[in-house]
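Peer 1: could you work out the structure for the sequence below:
(chains A and B)
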Amino acid sequence: MTATLVDLPTLDLGGSLIGFPQAHRFALVRVTPDSEVLFRLTALDIERLEFVAAAPYPFFPAYAPEIDDATAQRLELADSHDAMLLVLLTVGPTLAATTANLLAPIVVNVNTRRAAQVTLAGDGYPLKAPLAPMAPTPRAPRPAPPHALQQAGQGVAL
Amino acid sequence: MIGHDVVVTVLEVRPDLVRIGINAPRDVEVHREEVFIEVQQANRSAASPSPQAVEALAAGLRDAEAPAPSKPDADPAG
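Peer 2: So this is what the prediction gives:
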C-alpha cells in the first residue's frame, strides 16, 4: 500500500497565504527523507499548487520574530513552545539565487496544526533574503550569549 | 464603518500625511496595501517551483550540510 495524503501531516492555513485565499489545507512533507530543514507544502484544496519551505534557524540564527497577540489568539498559541516557524522559499536556478521570505513567515501551532502566514510589517525583515551561504556551524564550542539557547529552540517569541 | 465591525478612524491630518486607524475583529487581518502586494507577488513567485529546481536545492543544501557536524546538543549544564 502506498501512503495517501491522509496519512501525511496536514496544516490548515485558513486561507491566510496572501494571494491564495482558497488554499486552506496543505500537506507538509520533507523534501528528502533525511532533510530536517527543507519541506514541501502541497496544497490539498487546489491542484498543482506547491511551495517549498524551510526551517529558518539553520540559515538565519538571529531570526526571532515576535508574533502579535492577534495572531497568537487566532492560532490559539498560549506558549511559544507550541509555535514553529517556516519560511517560504523562492527557489531559484541555483542555491545562491534562492531566497527566503522573512517578512511573512508561516507560524504553525504544532499541537493543532493550524497555521497562518504572518506579515511582520515594521520589523524590517526582508522579503527576499538570500538563503546561501548556510550559517557556519562553529567547530569549537563557544560561550553563547544568554539568549542564544532560547533562539536555538524552534519556538518564537510571543 | 466597513460592515458591522470594522471601524476606520482618521487619527491625524497633516499637509504631508494622513494617519488612519483601523479597528477590526481579531479574525480580520489588516494589511497595508503595498506590503500586501509585495507579499502576494513573493508568494506567487514562490509557488510551484520546478521539481528539478527543488531537487537541485535539496542536493545543494545536503552538500553544504555534509561537512558540518550534526546539530549541536543542548547545553548539558542547562
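Peer 1: where does residue 17 land on pLDDT?
Peer 2: Just so you know, I chose chain A. What the model reports for A:L17 is a pLDDT of 94.
Peer 1: not what I meant, chain B
Peer 2: Confidence score, pLDDT, at B:L17: 90.
Peer 1: gap between it and chain A?
Peer 2: Separation of B:L17 from chain A (Cβ to the nearest Cβ, to the nearest Å) stands at 16 Å. The way it works is simple: take the backbone N, C-alpha and C, and place the C-beta from them, glycine included.
Peer 1: for that residue, name its beta-bridge partners.
Peer 2: When bridges are called by DSSP bridges, B:L17 pairs up with B:R14.
Peer 1: number of residues surrounding it?
Peer 2: B:L17 is flanked by 7 other residues according to other Cβ atoms under 10 Å in any protein chain shown.
Peer 1: also A:Q22?
Peer 2: Here the number of neighbours of A:Q22 (other Cβ under 10 Å) works out to 10.
Peer 1: sec struct for it, please.
Peer 2: Following DSSP: H, G, I helix; E, B strand; the rest coil, we place A:Q22 in the coil state.
Peer 1: centroid residue for chain A?
Peer 2: Central residue of chain A (Cα atoms, centre = their mean): A:L86, 0.2 Å from the mean position.
Peer 1: element containing it, please.
Peer 2: Assigned by DSSP states H and E, A:L86 falls within strand A:83-90.
Peer 1: anything in that strand near chain B?
Peer 2: Yes. Strand A:83-90 reaches chain B (Cβ under 8 Å from any Cβ of the partner chain) through A:88-90.
Peer 1: can you point out the buried residues in stretch A:89-103?
Peer 2: When neighbours are counted by 16 or more other Cβ atoms under 10 Å in any protein chain shown, the buried residues of stretch A:89-103 are found to be A:89-92, A:95, A:98-103.
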